[in-house]
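Asks: here's a sequence, model it:
(one chain, ligands or ions: 1)
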Amino acid sequence: MADTLPPFDPHNPEYFETGLPFDLLADLREQGPVAKTPLGYYLTRRQEADELLYAVDAYGSDMTPGTGLGGVEEVPQEQLFLPEIDEPVHGQIRRLYNSALGPHRTMRIQPFVRETCEALLDALAGDDPVDLHADYAVPIPCEVIAHIIGLPEGGADKLKVWSSDGSVMFRAVCPQYAPDGPPITGYLKDLVAQERLADEPSSHTYKVFLDAEIEGGPLSDTVIAHQLQTMVLGGVHTTRGLLAHSMHRLIVEPDTWAALEADRELIPVFVEESLRHDSPAPRVARRCLRDTTLGGVEMQQGDWVEVGLASANRDEAHYDDPEDFRLDRPDPLNHVAFGAGAHVCPGASLARLEGVTAINTLLDRVATLTPLDGFEYPPLPANLAYSDLPTHITWR
Ligand code: HEM
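Replies: Take a look at the predicted model:
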C-alpha cells in the first residue's frame, strides 16, 4: 500500500522561498488522506489529522525533525521539551503551563501587550518606510514571553537572537551544542537558580515551576530551564508567523484593512481565519507507538507520521471555498492551527491576544498602509521567517 501512495516532501527547502505548495496539497488531498515522505508519512486531510491528534496511545509526539538531534538516540530526561515527555508526567507539567499561560493569566497581561505594541509603533513614527516584520511582528512575542517568564532587562532581545538563529531548538545532547547546550539553556538555568534562592520568585511563572511537585519531588533547575525554553521555542516563532502573515495581508489587501477599520469586532475573526488559512505551524510530527492503521495505510511501530495542519485547515471536505480568506465563516474557530488533543497549544489564548492587540493598536495609530513600490512581497502565506515587510505608513 505504502508503495502506491503519492510522494510529498514537506521539508523541501524550496518551500522556504515559495511558501507551501497549496495546489499540490489540494491534489494530494484528492488522491487520499496519506502521502509518502522521505521520513515516513504525511496526513493531508482534516479527519485523519483529528484521529491522530486525539490517539495519544498510538502516536507519540516527537520533535526530532526540528531539533537537530543528529543521530542521538536518547535525550536525557532532564533535557526533554514538554511535548516529548511521556504521560502521566506530561499531563502534570502541562498543568504548570496552563497556570502560566491560560486565559486567566492572559487577561491580566493585556495592558502589557497593548503598551508593548504602542511603544513599538511610537518608535517607528516618521516618514520613512518601516519594516512591520522585523520591527513589529518579531519583537512583540519576544517582549511578551520575556515578561511572562520574568526575564531581566535585555531578555527579550536575547530571545529575538536565539529564535532567529534557531539555537532555541537545540540542547546539550545535540552534537553541535555539547556539552553545555545552546546559550538560552545556560541563561535560563542561571536565572532559575537565582530565583530558587530568592525569598519570593519574581514572577508567577517561576513560582509555579519552583513550587511544583512532580512524581513526589521538585523539578530541577535543568528541567525548569528546558520547560521555559519550550515556552520560547513554542511561542516566539509561531506567534511571529501569525503576526507577520496578518501584517502582510493588511499591507497588500486594502479592502481587508478597511473592513477591520469599519468593524473592529471582525479582528478576532480575521485572526482565526489567518490561523486557518495561513497556519503558522504548518505540520507537527508523531512516531507510531505500535503497529496501527490510519487512512487505510498500515503503519509500523516507530514509523514517522507528520500531520499537515496547514493542509487539514484547507480540506475541501471540511470548509467551503477553503482556499479563500473569508471573514464570514460560520465557525471561525473550527481549525487545527493550534493542534488538538493532549498536546493542543497551551499558548493559544496568549497568541490570540497578541494578534488581536497588535492589529487593534495598528488601527488606532495608522490611517493607511501602502506597499513599497518595486518591492516584491512574497506569496501569502510564505515562510516569513526571513522576509521583510516594508511599508509606507500614514500615521493618524
Ligand atoms: C500563533 C501562535 C501559535 C501557534 C500557531 C501554535 C501552534 C501549536 C501547535 C500546532 C501545537 C501542537 C504541537 C503538537 O501537537 O505536536 C502547539 C503546542 C505547544 N505550544 Fe503553541 N502555538 C502558538 C503559540 C504559542 C505560545 C504563545 C506559546 C507559549 C508561550 C506556545 C507554547 C506551546 C507549547 C509549550 C506546546 C507544547 C504542548 C504540549 O506538548 O503539551 N505556543 N502549539
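
Asks: now do the strands in the protein.
Replies: Using DSSP state E, the strands of the chain run over 34-36, 40-43, 59-61, 130-131, 284-288, 292-294, 297-299, 304-307, 366-371, 390-395.

Asks: of these, give the one that comes closest to the ligand.
Replies: Among these, strand 284-288 comes nearest to the ligand, with 3.6 Å by Cβ to the nearest ligand atom. Yep, even glycine has a C-beta here, placed from its N, CA and C like the rest.

Asks: contact partners of that closest one?
Replies: The contact list for strand 284-288, computed with Cβ atoms under 8 Å, 6 or more residues apart in numbering, reads 52, 58-66, 299-307, 309, 339, 343.

Asks: any of those residues buried? List them.
Replies: Neighbour counting with 16 or more other Cβ atoms under 10 Å marks 52, 58-63, 65-66, 299, 303-307, 309, 339, 343 as buried within these.

Asks: what degree of burial does the closest residue to Val72 other than its chain neighbours show, as a neighbour count?
Replies: Leaving out its chain neighbours, the residue that sits closest to Val72 by Cβ to Cβ, 6 or more residues apart in numbering is Val173, at 5.3 Å. As a burial measure, Val173 scores 21 neighbours (other Cβ atoms under 10 Å).

Asks: can you tell me which residues in the stretch 151-300 of the chain are near the ligand?
Replies: The stretch 151-300 of the chain comes close to the ligand at residues Thr230, Met231, Gly234, Gly235, Thr238, Thr239, Leu242, Pro280, Ala281, Val284, as judged by Cβ under 6 Å from any ligand atom.

Asks: of all of the chain, which residue lies closest to the ligand?
Replies: Counting by Cβ to the nearest ligand atom, the chain gets nearest the ligand through Gly347, at 2.2 Å.

Asks: is it true that that residue touches Leu233?
Replies: No - shown here, Gly347 and Leu233 do not form a contact pair, counting by Cβ atoms under 8 Å, at 11.1 Å.

Asks: what's the closest of the strands of the chain to Arg352?
Replies: strand 284-288 (19.0 Å; Cβ to Cβ).

Asks: ok, that closest one: who's next to it in the sheet?
Replies: Strand pairing for strand 284-288, determined by DSSP bridges: strand 59-61 (antiparallel), strand 304-307 (antiparallel).

Asks: can I get those strands in JSON lines including mean pLDDT and distance to the ligand?
Replies: Below are the strands paired with strand 284-288 laid out as JSON lines (pLDDT from 0 to 100; distance: least, Cβ to the nearest ligand atom, whole Å):
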{"stretch": "strand 59-61", "mean pLDDT": "91", "distance to the ligand": "5"}
{"stretch": "strand 304-307", "mean pLDDT": "95", "distance to the ligand": "7"}
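
Asks: could those strands be laid out in CSV, adding distance to Leu353?
Replies: Shown next, in CSV, are those (distance: least, Cβ to Cβ, whole Å):
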stretch, distance to Leu353
strand 59-61, 25
strand 304-307, 26
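
Asks: of those strands, which approaches Leu327 most closely?
Replies: Ranking those by proximity to Leu327 (Cβ to Cβ) places strand 304-307 first, at 26.6 Å.

Asks: how many residues are close by Val161?
Replies: Using other Cβ under 10 Å, Val161 has 13 neighbouring residues.

Asks: buried stuff in stretch 43-55?
Replies: Leu43, Thr44, Arg45, Arg46, Glu48, Ala49, Asp50, Glu51, Leu52, Leu53.

Asks: coming back round to it: confidence score at the residue of the chain closest to the ligand?
Replies: On pLDDT, Gly347 comes in at 97.

Asks: count of neighbours near it?
Replies: Per other Cβ under 10 Å, the neighbour tally for Gly347 reads 24.

Asks: residue contacts, it?
Replies: By Cβ under 8 Å, 6+ apart, the contact set of Gly347 is Tyr97, Leu101, Met231, Gly234, Gly235, Thr238, Thr239.

Asks: and if you look at Arg314?
Replies: Per Cβ under 8 Å, 6+ apart, neighbours of Arg314: Phe22, Leu25, Ala26, Arg29, Arg276, His277, Pro322, Glu323.

Asks: same check on Met299?
Replies: Here Met299 is in contact with Gly40, Tyr41, Cys288, Asp291, Thr292, Thr293, Val305 (Cβ under 8 Å, 6+ apart).

Asks: can you give me the neighbour number for Pro38?
Replies: Using other Cβ under 10 Å, Pro38 has 11 other residues around it.

Asks: actually Ala358, not the one I wrote
Replies: Look at Ala358: counted by other Cβ under 10 Å, it has 28 neighbours.

Asks: what about the biggest helix by length in the chain, average pLDDT?
Replies: Assignment by DSSP state H gives helix 221-252 as the longest helix of the chain. Mean pLDDT, helix 221-252: 95.
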